[in-house]
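J.: A predicted structure for the sequence below; I have some questions about it.
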Amino acid sequence: MNAGSEAFYFDNIFFDGVLGVNDEDNNRFSMYPNPANNTVNIASTEAGSKLVAVYDVLGKLVINTELNTDTLDISRLTSGVYIVKITQGNATSTKKLVVK
């Protein structure tokens with residue numbers, strides 16, 4: 001570049017495809033109550049057990065269990081926000097849980 005001149009560069013970036021979650025998997029599971037105290041219910045539109053992983057805000061795995069019922073014991077969790085990953089068959093959903 002010469003003194004006194006200016007140069008500008010632009011790049012066009014295009015994404016082909018969907019960036020997001022599968023709504024069908026997300027709607028398959030419901031989690032209530034939220035916020036919760038000692039237990040939270042995780043219901044599915046399908047019968048069968050569910051794999052449930054709970055992570056704290058730092059990404060540390062704090063609960064990893066297989067649920068044969070809809071009730072998850074969260075009594076040992078401290079108050080805060082957690083991420084809950086629910087897997088059943090080929091369906092996976094991630095939800096936010098607030099513990100009071």
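T.: Good, I have the coordinates.
J.: what's the first helix or strand after the lowest-mean-pLDDT helix or strand in the chain?
T.: Least confident helix or strand, the chain: helix 23-28 with a mean of 70, by mean pLDDT, DSSP states H and E. Proceeding N to C from helix 23-28, the next assigned helix or strand is strand 29-32, under DSSP states H and E.
J.: for residue 87, what are its contacts?
T.: Residues near residue 87 by CB atoms under 8 Å, 6 or more residues apart in numbering: 50, 51, 52, 53. (C-beta placed from N, C-alpha, C; glycine too.)
J.: count of neighbours near the first one?
T.: As a burial measure, residue 50 scores 22 neighbours (other CB atoms under 10 Å).
J.: was I right about it contacting residue 88?
T.: Yes. With contact defined as CB atoms under 8 Å, residue 50 reaches residue 88; the gap is 4.6 Å.
J.: identify the contacts common to those two.
T.: Here residue 50 and residue 88 have 29, 44 as joint contacts, going by CB under 8 Å, 6+ apart.
J.: max pairwise distance over the contacts of residue 87: which two?
T.: 50 and 53 (10.4 Å; CB to CB).
J.: show the pLDDT at residue 52.
T.: Note on residue 52: pLDDT of 98.
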